[in-house]
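[1] Pasting the sequence and the predicted coordinates here, then a few questions.
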Amino acid sequence: MLTTWRQRLPWRTVLLAVTLMGSWGVVGKVWLVDLRQPIAPTPLLVPVALPDAPPLPGWQLTQSTPIAIALIDGSRASHAYHFQRDNQVLTIHIHYLAPWTDGNNSRFLFVNTALRTANAQLQARSHPETGFYGVLTTQGRAYLTACINPQGKSTITQQQTAQNRYTTGLRLGRVLRWLLGQGALLDGRCLWTLMAIPLTPVPASLPKRSEPVGLADGLDPAAPIAPITPEQAYAILESAWVPWHRWWQEHFPPPVPKSVGSNSEP
Amino acid sequence: MSIINFSEFNFAELKPWRMPQYWLLGIGAALLTLNLTFLLRVEDSELLGTVGLLWLAIGMLLWEKHQQLSLESSLGATVVGALLIALVLVRSLAPDGYHLRISPFISFLGLALMASGFRGIRQFWKELFILGLLLVSRAVIGLFEMMNLALMTAKAAAFMLWYSGFDVVREGVFITLPRGRVEVYGACSGQSSLLQMLLISVLFLLMVPLRWSQRLLCVGVALLIGFLVNAGRVALLAVLVANARQAAFDYWHTEGGSLFFSVISVLLFGVFCWLAFLRHPVHPQGAKPC
C-alpha cells in the first residue's frame, strides 16, 4: 500500500492540497493577526508644499501664505496668493485635492467656502485653451472657479471631470497596473482654483511693494475710482486664469499615496 | 467526475482525498471567506448587498449543475489556476491589497481552472460573466458619470414634483421649491441604483431562458425602474428640504432610506418579471437553452 501510494501520488492532489493550505493559512492570518489589531491611527500625512511664488504675467505677488485650515473635502495642501496690478487686487486660493475628488465646483463652493448658496449663480464658461471654468458675482466680488486637472482641460462639473479623466487618463499601462493592484485606474486629483477680485478697485495710492509712495501714475489719489461691471471683472479674471492654468498644469504637484481616511474612489 | 476503475474498485480504497471536488470545495470556502472578510471590513453596505447577491446567484447556479460538472484538469491549467489564486492570496497579505471588485473574479477563475482545466472552463461561463460584471462595474459607473445622469434625474424629479402640484422650478441640476432647494449630483444622480438594477436583471436573465427581445426588454425595464424610483427619492428629498425636515432628510438621504428605495426597485422589478415572464412558464419558442 505504501509503495502504491507513493508511486501514484497525483500532482493534482498535491497542488490542490498546497492551495488549500495556503488559502486557509491566509484566512487564518487575516483573522488572527490583522483583525485583532486595533485600527492603525491615521498616519501623519506627508505635507505637500505648494510653490511659494508662481508667476503671473502682468501681476505682482504681494503676499503668499499657506492656508492651514483643512477643507471639508480634505485638501492635501492649500495656499493663498495675493496679486496686485495698478488698482486691482487679485486673490487666488488654490487647494490640492488628492488622491481623488469628484470635481464638482458648485458643491465645493457650497460646502467649503462662505459663498454657500451663491453657488446657484455659477455661470459656466469655456475657453478654447484651458477648458471649462465658472464665474459668479456676489457681495461686491467677482469669482472664478475651476479644477485644474493633471492632464487635459479644466473642468467644473462632475460630468466634465469624469469625461476628462477617462479620455486623457485611460492607458493600457495604467489598466494593467490597476489589475495588479498597483495604483488607481484613473488620476483623480485636481487643483481647485478660486480667484476673486473686488468690483470696487483699490485706490492707486496704496504703496506698491517696490515703488515709492507717490503720484507714480500721475493720478490724483483722492479721486474716486469707478467700480467695474461683473463682465469687466470676468474679463480680468479670465486674462489671469489662462496663464495661471498653463503654469500649474506644467508644474502639477506630485501624486500623493493613498492613505486611510483620505478621499478615495467610490 | 473522477473515473473509477472498476477492476480496482474496493471500498477500502475509496479515498476522499483523491477526489478533487473536496479539495476544490475547501479552497472555494477559503476564498469566499477571504472575500467576505474584506467586504465586511470596508463597511460599505451597498457593495456588501450587491456582492452578497452575486455570490448567492453563483451558489445557486453551481448547485444546479454540480452533478454534471466535469472535473478533469490538465497540469498546465492547474498550475495557472494555482498561480492566480496565489496572486490573490499574496496581495491579501498586504494592507489594502485585496481589491473587492477584481479579486473575486481572479479567485474564481483560478479555482475554475484548477477544477476543469482550459477545456472545461466553459461550464463556468455564467459565473465568470457575473463576476466579470462586478469587475467592470467601476467602468459602468464612469459611463453613467459621463452621460450627465444627474441632469436627467433632476428633470425627472422636477417633473414628478410639478405633476404632484408642487411649485417647482428647475435650473440645471438645482431643483427649487418655495422654501428650499436641492442640488442633484454624485450619489443622488442614480448611478448606483442603475448599476444595481443592471446586475439584478442580468442575474435574472442568466437563470431564466428568454428570447433576445425579451432580454432587452427585461434590462430596459430594470434600468427604467431604477431611474424612476431614484428620481422619486430625489423628489421626496426636495420636499423634505423645502419643509425644513432636516432629520428626515438625513435619514432618507443616507443608508437606511436609500436601502428602502433599492428594495422598492427590486420588488417592482420582481413584479414585472413575474407578470411578464414567469406567470406562464412555458418554454418560449426560440429561446436559447442556457
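    Nice, thanks for sending it over. Residues are numbered from 1 along each chain as shown, chains lettered A, B, ... in the order given.

[2] Can you list the low-confidence ranges for the stretch 151-266 of chain A?
    In the predicted model, the stretch 151-266 of chain A carries pLDDT under 70 at residues A:179-182, A:202-225, A:257-266.

[3] Distance-wise, check the residue nearest the centre of chain B relative to chain A.
    Central residue of chain B (C-alpha atoms, centre = their mean): residue B:199, 4.2 Å from the mean position. For residue B:199, the distance to chain A equals 16 Å [C-beta to the nearest C-beta, to the nearest Å]. For glycine as for every other residue, the C-beta is placed from the backbone atoms N, C-alpha and C.

[4] In three-state terms, how would that residue be classified?
    helix (DSSP: H, G, I helix; E, B strand; the rest coil).

[5] neighbours of the residue in the stretch 51-200 of chain B positioned nearest to chain A, just the number please.
    In the stretch 51-200 of chain B, the residue that lies nearest chain A is residue B:145 (3.7 Å; C-beta to the nearest C-beta). Neighbour count for residue B:145, taken as other C-beta atoms under 10 Å in any protein chain shown: 23.

[6] can I assume it is in contact with residue A:155?
    No - using C-beta atoms under 8 Å, residue B:145 is not in contact with residue A:155, being 11.8 Å away.

[7] shared neighbours of these two, anything?
    Taking C-beta atoms under 8 Å, 6 or more residues apart in numbering or on different chains as the criterion, residue B:145 and residue A:155 both touch residue A:163.

[8] Can you read off the pLDDT for residue 135?
    Looking at chain A here, since you left the chain open. With respect to pLDDT, residue A:135 scores 94.

[9] try chain B instead
    At residue B:135, pLDDT is 87.

[10] Would you mind measuring from it to residue B:248?
    To residue B:248, residue B:135 is 37 Å away according to C-beta to C-beta, to the nearest Å.

[11] cool, and residue B:107?
    Residue B:107 is 42 Å from residue B:248, by C-beta to C-beta.

[12] More neighbours: those two, which one.
    Using other C-beta under 10 Å, the more surrounded residue of residue B:107 and residue B:248 is residue B:107, with 26 against 16.

[13] Might you report the residue contacts of that one?
    Residue B:107 neighbours (C-beta under 8 Å, 6+ apart): B:31, B:34, B:35, B:84, B:85, B:88.

[14] Which ones among the residues you listed map onto strands?
    Within these, no residue falls in strands by DSSP state E.

[15] burial of residue 230, as a residue count?
    I went with chain A, as the question did not name one. Other residues near residue A:230 number 15, with proximity taken as other C-beta under 10 Å.

[16] To clarify, I was referring to chain B.
    Count around residue B:230 with other C-beta under 10 Å applied: 28.

[17] same deal with residue A:195?
    Neighbours of residue A:195 (other C-beta under 10 Å): 24.

[18] nearest spatial neighbour of it, skipping sequence neighbours?
    Counting by C-beta to C-beta, 6 or more residues apart in numbering or on different chains, residue A:195 lies nearest to residue A:144, which is 4.3 Å off, once chain neighbours are set aside.

[19] From the chain's centre, how far out is the strand or helix carrying that neighbour? Work that out for me.
    Here residue A:144, judged by DSSP states H and E, is contained in strand A:141-148. Distance of strand A:141-148 from the chain centroid (C-alpha atoms, centre = their mean, to the nearest Å) equals 13 Å.

[20] what's downstream of it, the next helix or strand?
    The helix or strand immediately downstream of strand A:141-148 is helix A:158-169, counting by DSSP H and E.

[21] Any part of that following helix near chain B?
    Yes - counting by C-beta under 8 Å from any C-beta of the partner chain, chain B is contacted by helix A:158-169 at A:158, A:159, A:162, A:163, A:166.

[22] residue contacts, the third one?
    When the contact criterion is C-beta under 8 Å, 6+ apart, the partners of residue A:162 are A:103, B:142, B:145, B:146.

[23] now that we have the residues you listed, which one has the most neighbours?
    residue A:103 (27 neighbours).

[24] tell me the contacts of it?
    Going by C-beta under 8 Å, 6+ apart, residue A:103 touches A:147, A:149, A:155, A:156, A:157, A:158, A:160, A:161, A:162, A:190.

[25] quick one: which of the residues you listed is nearest residue A:173?
    Within these, proximity to residue A:173 (C-beta to C-beta) peaks at residue A:149, which comes in at 19.0 Å.

[26] about what we covered before: which single one of the contacts of residue A:103 is nearest to residue B:260?
    For the contacts of residue A:103, the nearest to residue B:260 is residue A:158 (25.1 Å; C-beta to C-beta).

[27] angle of whichever helix in chain A runs longest against strand A:141-148?
    For chain A, the helix reaching the highest residue count under DSSP state H is reported as helix A:230-250. For helix A:230-250 against strand A:141-148, the angle by axes from the mean of the first three to the mean of the last three C-alpha atoms, to 10 degrees is 30 degrees.

[28] now helix A:230-250: how far from the chain's centre is it?
    The answer for helix A:230-250 is 17 Å, by C-alpha atoms, centre = their mean.

[29] so where do the strands sit in the stretch 1-150 of chain B?
    With DSSP state E, counting those that start in this stretch, there are no strands along the stretch 1-150 of chain B.
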